[in-house]
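S.K.: Task: produce atomic coordinates for the following.
(chains A and B)
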There are 2 protein chains.
Amino acid sequence: MPSIQALLFDVFGTVVDWRSGIARAGEEFGRENHLAGIDWLAFADQWRALYQPTLEKVRTGQMPFRPLDDLHRMELDALLASHRISSVREESIDRLNRGWHRLPAWPDAVPALARMKKKYILGTLSNGNIAQMVALARHSGLPWDAILGAEMAQQYKPRPEVYKKSIELLRLRPEECCMVAAHNYDLQSARECGMKCAFVTRPEEYGPAGQRIAEPDLTPSHPWDFVAGDFAQLASQLGC
Amino acid sequence: MPSIQALLFDVFGTVVDWRSGIARAGEEFGRENHLAGIDWLAFADQWRALYQPTLEKVRTGQMPFRPLDDLHRMELDALLASHRISSVREESIDRLNRGWHRLPAWPDAVPALARMKKKYILGTLSNGNIAQMVALARHSGLPWDAILGAEMAQQYKPRPEVYKKSIELLRLRPEECCMVAAHNYDLQSARECGMKCAFVTRPEEYGPAGQRIAEPDLTPSHPWDFVAGDFAQLASQLGC
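M.R.: As a prediction, the model looks like this:
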């Protein structure tokens, strides 16, 4: 049985906390534009709720592939209109859209990634585009060896092309790559492509119970190769 | 005038010393296979001499794009045949081909890249494929933010598509990207694509005078934006 050579990570939700990051970017945007009475955590949730429906248009061929930065911007324009926010300078909207470039890493991520990097190739296998992934890595010190994923495949997860293209670019066999994600649906698709799978729970991804746009996956839907409560646990399980 | 956001590096010759790295991989191969009387530095030169003619077949459309690892292997098979080396195990040939994955960095490269990384996005813009670039980075501790270049564009430098695709993936304007290379022809093409250009001399790339397959570029062919004797000088010129 070939051993794992590379760990490939889902990023939004698994490595970084998009909800509090976007809420903070929203607060800055609100102050800058003198907007009162907006719940920016709810705004972050509303924005994220548009994510899968937008990607689905690309996955089903209703819309050509465009990098996630561009899809976020389409969604943001619609969201600002629905909040009746207008007459805001382009620069300010662009900065809010780039809130997705400066999301905080979950506190356990960076030290555990440093441990894992000694033994494994570390890559992103995210729906985010390269510029987003580079910015996030520089913002939080995420030590990726390679940025892979949707933009390389010109398609969005969980479509199998995205996993297959990333594996191909590393010139590895699927079973030499382990997908790491907090979302069962992502791992299911990785498994169908022949990858090993590591499930890491992120119970805070969607905020506190009762206000959530989605429920976090707290239990594995399949007997994944690794199941961990955080990246430190995963690193230990992987012998790092 | 927009400021530089990203430094994009040629790798073979500019960041790493392919000649002594391949000669060392050859020596290991020779010992493993009990081959005597081969000058492995000359072997490295012979291998590298096949590089531009092979790439030219792709650039002119005589051959479809294939990652550099595969082209190296085609060249190596021909070179071994010309040396009448046969009956060598596949594993051993593959390990020699992966000599291009473990080339030493020039001694000034890593500390200067660490300085430059604080201020700029650092990427590769090489003809090497992603798996090669990842392996080289891990071998020598090259702190890239992104691996870009030929494989993304499915074409080889100095074809303009390679530079343009890399810039596009970073979502930057050409003038926000500075190409760093020891070869004037590479910078000429980068300049034609609108990039800033930094020329760093590598007088030892092809070994000592009198035995060289090519002469190193020691003087700038154009008034490049930056001209430096090594990466430490370049870092200082860039305000790092």
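S.K.: If you drop the residues flanking it in sequence, what lies closest to A:Arg212?
M.R.: Among residues not flanking A:Arg212 along the chain, A:Tyr206 sits closest, at 4.1 Å (Cβ to Cβ, 6 or more residues apart in numbering or on different chains). To be clear about C-beta, it is placed using only N, CA and C from the backbone, and glycine gets the same treatment.
S.K.: Quick one: neighbours of that neighbour, just the number.
M.R.: By the measure other Cβ atoms under 10 Å in any protein chain shown, the count of residues near A:Tyr206 is 19.
S.K.: got it, and A:Asp230?
M.R.: 15.
S.K.: likewise A:Thr54?
M.R.: 18.
S.K.: measure it to chain B for me?
M.R.: To chain B, A:Thr54 is 19 Å away according to Cβ to the nearest Cβ, to the nearest Å.
S.K.: residues in contact with the strand or helix carrying that residue?
M.R.: Applying DSSP states H and E as the criterion places A:Thr54 in helix A:51-59. Helix A:51-59 is contacted by residues A:63-66, A:71, A:74-75, A:127, A:155-156, A:159 when judged by Cβ atoms under 8 Å, 6 or more residues apart in numbering or on different chains.
S.K.: what are the ranges of the helices in chain A?
M.R.: Along chain A, the segments classed as helices by DSSP state H run A:18-32, A:40-49, A:51-59, A:68-82, A:90-97, A:109-117, A:130-140, A:150-153, A:160-169, A:184-192, A:231-237.
S.K.: Buried residues, the last one. List them.
M.R.: Okay, so that is helix A:231-237. Within helix A:231-237, the residues scored as buried using 16 or more other Cβ atoms under 10 Å in any protein chain shown are A:231-235.
S.K.: I'd like those residues as JSON lines, with pLDDT and distance to chain B appended.
M.R.: Below are the buried residues of helix A:231-237 laid out as JSON lines (pLDDT from 0 to 100; distance: Cβ to the nearest Cβ, whole Å):
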{"residue": "A:Phe231", "pLDDT": "98", "distance to chain B": "20"}
{"residue": "A:Ala232", "pLDDT": "98", "distance to chain B": "22"}
{"residue": "A:Gln233", "pLDDT": "98", "distance to chain B": "24"}
{"residue": "A:Leu234", "pLDDT": "98", "distance to chain B": "20"}
{"residue": "A:Ala235", "pLDDT": "98", "distance to chain B": "17"}
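S.K.: Could you check how far the residue nearest to the spatial centre of chain A is from chain B?
M.R.: Nearest to the mean C-alpha position of chain A, by Cα atoms, centre = their mean, lies A:Phe12 at 2.0 Å. Distance, A:Phe12 to chain B, by Cβ to the nearest Cβ: 18 Å.
S.K.: Now for the residue nearest to that residue when sequence neighbours are not counted: which residues touch it?
M.R.: Computed as Cβ to Cβ, 6+ apart, the closest residue to A:Phe12 that is not its neighbour in sequence is A:Trp18, at 5.0 Å. A:Trp18 makes contact with A:12, A:44, A:48, A:100, A:103, A:205, according to Cβ under 8 Å, 6+ apart.
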